Structures are given as C-alpha cells and as structure tokens.
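*Asks:* Here is a sequence together with a model predicted from it:
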Amino acid sequence: MIITVRQYKEFRRNHQKKSKEDLPKMSIVRSRIVRMLSGAIAPLIDHAHTSSAGSVQVELEIPKIPEHGDFATNVALTLTRILKRNPREIAAHVVEGLKDESGLLERVEIAGPGFINLFVKPAAWHDILREILSDPSGYGRTDLGRGKRVQVEFVSANPTGPLHIGHGRGAAIGDVLSNVLEACGYRVDKEYYINDAGNQMDTLGRSLYYRYQQQIGESFDFPEGHYQGEYMRELAGEFIRESGDRYRKAPLDEVLPVFTAFASERILNGIREDLEAFGIGFDQWFSEKSLHEKDAIRTTIEEMASRDYIYIHEGATWFRSTAFGDEKDRVVIRANGVSTYFAADLAYHKDKFDRGYEMVVDIWGADHHGYVDRMLAGIQAMGRKREDLRVILVQLVNLLRAGKPVAMSTRAGEFVTLREVIDEVGKDAARFIFLTRRTDSPLDFDLDVAKMQSNDNPVFYVQYAHARLCSIFEVAGERGIPCDWLESGNHPPLDALTLPEELEIIKFLGEYPEIIAGCSASLEPHFIPYYLHELVSLFHRYYNRNRIVGDDPELTQARLVMAAAVREVIRNALELLGVDAPRKM
RNA sequence: GCGCCCGUAGCUCAGCUGGAUAGAGCGUCGGACUUCGAAUCCGCAGGCCGCAGGUUCGAAUCCUGCCGGGCGUACCA
C-alpha cells in the first residue's frame, strides 16, 4: 500500500465525513494499520506545511525477517526530506501518535535508521479467515477502477492462418488481465480486431485459388509470397467438397472474392474454436472492413487535420506524429491514394474511444514495438491523453521439446499451432505457463515439461494442493466432523490457531488483495502464479508437519477453517487465471 | 547508425513505483510414507545482481557511459 501526501490529505478530508469504505480495500488487518499510521502522520505533515511534497511515498511492507515485525514502514525515512529532521526522531513522533483503539498491536519498535516495526497480536489475524470465508469469490476484489470503462484488445491475429503458440501467450495474458481489471472494479470488454481488409486478404484468396486449381488437376505454379501451409491444402479440399470443380480455369479476377471469403471465414471460425478451447471468449469481434465501409478512415484523418496534425508532402498524406514524440512523421495515405494499415489503426482507435471506453489496453507482439510511439501520438492527435492507451508488448515464445528448440518457419507455413499445443499439454498447463513470466521477458515453453504430470510442472503443484484440500474435507466428512459452517458462515472459534506457521499462512492470505491490485496497476499478470506457488508451498509444508483432522475437536475445527480459506483463495486465483481447480486428480 | 527490451545461482526466471541479511523452480547430493493424497515435505551446496561511474542516509532497483544478446527501424500488412 502506497500513499502519497496528497492522498493523506484527501483521506483526512474524507475521513471526517465518511467512513472506511473510501480506503482502497486490502486485508482487514493491513487496512487497520494503514489507517492508524495515516492518523499518526497527518498532523506531522500539517505541521510542516508541505503543500508541495506530493512525491513522498509511504509503504507498509512485510519484512523478510520476523524480528522486524509483522509489518514495517519506512515513513519516517521518507519524511526526512520534507520534515527536515532525523528519521528516528520522526519515527518516535509517529509511534507516539498511533491510536490503537481496537487493541491490534502487541508492540511497536523503532529500528535501524528509522524503520517502524509493528507487531500484531496473534488473535488479530484470525479476522482475515472470517473475511475470506464470508465472501470467498469476492475476496481480493476491489473498487480501484471505480467503474471505469476499459477495453482490452488482444490476439487480433490476421485471419490468414491458424493461431500459433505466440498468439496463445497473448491470448492468455489478455484474458487474465481482463479478469484482473474486472476484479478491480473496472468495466471491461474484450475485443478481437479482425484484419479482414487490404491486400493480404487478396493474397489469401489467391493462395486458395491456386491450391484449388492444383487439386482439381490443373497445373499451376504456386507463386512466391503466398500462404502455403498445410492448412491451405485442407481448405482447398473443403472447397472442392462444397463446390466441386465449378471454378476450373475461372478467371482469377472474377472469382477471387469467392475464394477470399471462403478462406477468411473458415480460418476465422477455426480461430474462434481454438480460442474457445483455450477458455477465451470475446465480447466483440471487430472487423477492419467495417471501418472502410463506414468511411471511418477519412473521417479520422479529417478530424486530425482539423487539429492541424495532417499535411500533404510529395503526393502523400502525412500525420505529424513527431508533435507527440514519435521519431518521424507517418504516412496515412500513400501517393497512390491507398491508405496505410496505420491509418486504419488510427480509425480503429478513434472508434474505440468513440464507443465510450475511457481506457484502452492493446496487447501486441513485441515485434510491433516500433508502432507504440506512433499509436500514442495518434490518440493524442484525436484529443486523448497519452495514458488513455496502454500498450502491452508480449515477448516471443520459444517452443522447446525436451530442452531442444522446435524448428518453425512461418514462411513455409510450418509451425506448431496453438491447437496442437492445447491438445498435447492441456489448456490449464498452457495457460499457467504462459503466465509465469513477465510479459516483457521471452518465454521458453517446453512441451515435454508442460505435459509432465509431476512436480516439474507448476500447474500440477498448485492443482494438487487444491485437490488435497478437497480431500481433507472428504475425510472430515467421513469421520463425522461437522463442517456446516462452510455454508452457514458461523465459524467455530479460532483461538487454537497459534502456531507461527499458521499465522504465516493467514498473513499471506491477507496479502492476496494487494497482489491483485498490483497486477491491475502494472498490467502484469505473472504475480498471480508466483503468489499461488508460494501460498501452496506454505500449505504443503504445513500439511506435512501438522495434522489438520486430529484428535482435538476444537483444534481440528479451527484448522479446517484455515484450510477452507486457503482452498478458497487458491480457487479464486485459479479462476482469475482461467485454470481449473480440480477436486480430484 | 538510431530506437525499444533484456543481462540476477549450473539452467529457467522472480524481485526493478529505491530500504534492513538478494529469492523460487529445475538440476546435484542426502533424508521423510503402518497416521488427513509422497503429483508432497525437509536438508546441503550454489551469487563482485554484465562492467564502470553517478544520485542517495541507503541502489539488483533511479541516471550516464561501455560490453553482450533479442527485436524494430517502409508511401508492407
């Protein structure tokens, strides 16, 4: 949790008339401490009259070493600059000002250069379990987005061939980011942009035409620069089954639209099916052709021209993108009168904002990074703020088998498709692995590892924990241990949960909302798999050392409550990832 | 040439909106199942965080330069 000075002041204003709902949601223990610290710090800042100190940030972190407390804050250190006093002295003032009305804290220490270490009473943690179980699927959800309308556009592969593994990574990231943003209170739509216009479509149609003529026995040389993957042969076969040899030797110019339409429609359907198998659905499939039909490119350029960002040079129409920091201006209409792909993209983004989205997230392959600056320039020329568009660049996926690269050539149409990967390793493993790296970082995807149903495979590690937890409740049921609180919400007393490793798990459960909020702020989903791994690891270790269903009824009940909370958070996180949480494996 | 991204343990990577002793998985080696699922757990070993400066009370984290790798650099889509 990070608060700026400005936020402190805002918080204080709000706090006087409203209650705690205005604080960003976090674990109940953490939010109480933040509130307490805010209360202690505000007077110090007021006293110093530091209106221009908005850059000071305060952080409440969990120290690595237990001796440093359950939480630690460096406020005193960061306040040194604006208060112009030594940090330990400031820390003392902060500590003095803490009002622990609910008796949350066991003790508070000032340590090192001026850290404030806070020790929470063990019993205070138990509230986190109650909080989780009172609304398991709502846990971790926040209202950071405040209903802001966001569009996430991803995959958007050209309908000229099946999706490959790189698209799969972008798909997983886009889908999960959408889930995360939604969990953080944004209103999210997922969209796929179909590049169904331009000469690549003609190329696609011709590719099918040539294959078709070949397969019905005409001798045609297959020209360079066309799509010649195996899928084109299959398409030609389908075409023959439906239309026979009706188009034998038909003049290309006359029948090309037939072939183009057939090919793009079939391929797009295939893409839809593959994405569905990957657990991904879109709210909108947006056709580039529809932009041309609406004359949207012309309108867009006109609007930009009205703001003086368009000029003519050597017969071409240019966008003055350098006005917004692009390295050179860009052509939108070529001298031959044909608009560029970029022009369509500008019109598309204008359309997005016209539809009412306040923020737009584009997920692109990293090889498109050269387009970021011009696109950002573009939306600014339409009167949008730079930060209204967030472009996520997804790095390459290197496909491996047993540690060795799988040779792929897009040119020759030889590549491993997403569908093949899903069929081979399963949706869950593929999604999880795609999400275990920062989007910025290239990813080695080893098919053999992903397929392994063992501890080499991070998905199974997590799913196993979930299945194990489910199994514990089955055993409890068999032994006649009442767990009706799972439904009723009347949880048994938790006083028996006193072991350090129990409190450690509960504390970690309490961090989950922060993790999700962090994903949403950074638009990086990889924190979730890492969090899950750590949570599950804590649980497995605990499980191996302690008996949950044991002889002491009260202890058993309390531990079952904790187990239930762990299970719910695992399930909650896996749901965000679009990965199944199996009861049995 | 210019621009963007990346250099952290043997390998693959977290940590990067600056904080106290830099982490995980895999791999090596050695241990734990008559007891809730051993697809699990425990332990050992492993590091000038690419190099050099700078800012700071404090730098893996921010700035500059260099080295190494990837990508981009069209009146292509």
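*Replies:* On my side now, so go ahead.

*Asks:* which residues of the stretch 151-300 of chain A score low on pLDDT?
*Replies:* Scanning the stretch 151-300 of chain A for pLDDT under 70 picks out nothing.

*Asks:* Helices of that one, start to end?
*Replies:* Here the stretch 151-300 of chain A has its helices, by DSSP state H, counting those that start in this stretch, at A:165-183, A:199-215, A:230-243, A:252-277, A:288-293, A:296-306.

*Asks:* which residues make contact with the last one from outside it?
*Replies:* Read it as helix A:296-306. A:291, A:310, A:317, A:319, A:332-333, A:339, A:343-344, A:346-348, A:350-351, A:378, A:381-382 (C-beta atoms under 8 Å, 6 or more residues apart in numbering). In short, each C-beta sits where N, CA and C put it, glycine included.

*Asks:* repeat for the second one
*Replies:* Applying C-beta under 8 Å, 6+ apart, the set of residues contacting helix A:199-215 from outside is A:158-160, A:220, A:222-223, A:225-228, A:232-233, A:235-237, A:239-240, A:247-249, A:252, A:255-264, A:267.

*Asks:* let's go with 7 Å and repeat that
*Replies:* A:158, A:160, A:220, A:222, A:226-228, A:232-233, A:235-237, A:239-240, A:247, A:252, A:256, A:259-260, A:262-264 (C-beta atoms under 7 Å, 6 or more residues apart in numbering).

*Asks:* what angle sits between that helix and helix A:230-243?
*Replies:* When axes from the mean of the first three to the mean of the last three C-alpha atoms, to 10 degrees is applied, the directions of helix A:199-215 and helix A:230-243 differ by 70 degrees.

*Asks:* What residues sit buried inside helix A:199-215?
*Replies:* Buried residues in helix A:199-215, counting neighbours by 16 or more other C-beta atoms under 10 Å, are found at A:200-201, A:203-213.

*Asks:* which of those residues are close to RNA strand B?
*Replies:* Residues of the buried residues of helix A:199-215 in contact with RNA strand B (C-beta under 7 Å from any atom of the strand): A:Gln200.

*Asks:* May I see the buried residues of helix A:199-215 arranged in JSON lines, with distance to A:Ile516 as well?
*Replies:* Shown next, in JSON lines, are the buried residues of helix A:199-215 (distance: C-beta to C-beta, whole Å):
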{"residue": "A:Gln200", "distance to A:Ile516": "39"}
{"residue": "A:Met201", "distance to A:Ile516": "41"}
{"residue": "A:Thr203", "distance to A:Ile516": "44"}
{"residue": "A:Leu204", "distance to A:Ile516": "41"}
{"residue": "A:Gly205", "distance to A:Ile516": "46"}
{"residue": "A:Arg206", "distance to A:Ile516": "48"}
{"residue": "A:Ser207", "distance to A:Ile516": "45"}
{"residue": "A:Leu208", "distance to A:Ile516": "46"}
{"residue": "A:Tyr209", "distance to A:Ile516": "50"}
{"residue": "A:Tyr210", "distance to A:Ile516": "51"}
{"residue": "A:Arg211", "distance to A:Ile516": "48"}
{"residue": "A:Tyr212", "distance to A:Ile516": "51"}
{"residue": "A:Gln213", "distance to A:Ile516": "55"}
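
*Asks:* Distance from stretch A:252-271 to the middle of the chain?
*Replies:* 34 Å (C-alpha atoms, centre = their mean, to the nearest Å).

*Asks:* What segments of the stretch 301-450 of chain A are helices?
*Replies:* Per DSSP H, counting those that start in this stretch, the stretch 301-450 of chain A carries helices over the ranges A:341-354, A:372-381, A:418-425, A:427-434, A:447-451.

*Asks:* The stretch 1-150 of chain A too?
*Replies:* Per DSSP H, counting those that start in this stretch, the stretch 1-150 of chain A carries helices over the ranges A:5-17, A:28-48, A:75-83, A:87-97, A:126-134.

*Asks:* right, so of those, which gets closest to A:Val120?
*Replies:* Of all these, helix A:28-48 sits nearest to A:Val120, with 6.3 Å by C-beta to C-beta.

*Asks:* does RNA strand B sit close to the closest one?
*Replies:* No: residues of helix A:28-48 are not located near RNA strand B by C-beta under 7 Å from any atom of the strand, the shortest gap being 13.5 Å.

*Asks:* average pLDDT for that helix?
*Replies:* Helix A:28-48 shows a mean pLDDT of 81.

*Asks:* Likewise for stretch A:532-539?
*Replies:* For stretch A:532-539, the mean confidence score works out to 96.

*Asks:* If you count neighbours, what's buried in it?
*Replies:* Buried residues in stretch A:532-539 (16+ other C-beta under 10 Å): A:Leu532, A:Leu535, A:Val536, A:Leu538, A:Phe539.

*Asks:* I'd like these written out as a markdown table, with distance to A:Ala40 and secondary structure added.
*Replies:* Converted to a markdown table, the buried residues of stretch A:532-539 look like this (distance: C-beta to C-beta, whole Å; DSSP: H, G, I helix; E, B strand; the rest coil):
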| residue | distance to A:Ala40 | secondary structure |
| --- | --- | --- |
| A:Leu532 | 35 | helix |
| A:Leu535 | 32 | helix |
| A:Val536 | 37 | helix |
| A:Leu538 | 32 | helix |
| A:Phe539 | 35 | helix |
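
*Asks:* for those, which one is nearest RNA strand B?
*Replies:* Of all the buried residues of stretch A:532-539, RNA strand B sits closest to A:Val536, with 7.1 Å by C-beta to the nearest atom of the strand.

*Asks:* Looking at the buried residues of stretch A:532-539, which is nearest A:Leu576?
*Replies:* Nearest to A:Leu576 among the buried residues of stretch A:532-539, with distances taken as C-beta to C-beta, is A:Leu532, at 9.8 Å.

*Asks:* list the contacts for that closest one?
*Replies:* A:Val462, A:Ile570, A:Ala573.

*Asks:* residues in contact with the residue nearest the centre of chain A?
*Replies:* Most central in chain A under C-alpha atoms, centre = their mean is A:Leu177, positioned 2.3 Å from the mean C-alpha point. Contact analysis of A:Leu177 by C-beta under 7 Å, 6+ apart lists A:Val152, A:Val361, A:Leu523, A:Pro525.

*Asks:* Next one: it relative to A:Ser522, how far apart?
*Replies:* From A:Leu177 across to A:Ser522, the span is 10 Å (C-beta to C-beta, to the nearest Å).

*Asks:* circling back to that earlier point, go through the helices of the stretch 151-300 of chain A and pick out the most buried.
*Replies:* Of all those, helix A:165-183 carries the top mean neighbour count, a mean of 25, counting by mean count of other C-beta atoms under 10 Å.

*Asks:* right, is that helix up against RNA strand B?
*Replies:* No: judged by C-beta under 7 Å from any atom of the strand, helix A:165-183 and RNA strand B are separated, with a smallest distance of 11.8 Å.

*Asks:* now do stretch A:436-443
*Replies:* Yes: counting by C-beta under 7 Å from any atom of the strand, RNA strand B has neighbours in stretch A:436-443: A:Thr436, A:Arg437, A:Arg438, A:Asp440, A:Ser441, A:Pro442, A:Leu443.

*Asks:* Now render the helices of the stretch 1-150 of chain A as a markdown table, adding mean neighbour count and distance to A:Pro113.
*Replies:* Shown next, in a markdown table, are the helices of the stretch 1-150 of chain A (neighbours: other C-beta atoms under 10 Å; distance: least, C-beta to C-beta, whole Å):
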| stretch | mean neighbour count | distance to A:Pro113 |
| --- | --- | --- |
| helix A:5-17 | 14 | 21 |
| helix A:28-48 | 18 | 18 |
| helix A:75-83 | 20 | 6 |
| helix A:87-97 | 18 | 6 |
| helix A:126-134 | 19 | 31 |
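
*Asks:* Quick one, which of these gets closest to A:Tyr357.
*Replies:* Short answer: helix A:5-17, nearest of the helices of the stretch 1-150 of chain A by C-beta to C-beta, at 26.2 Å.
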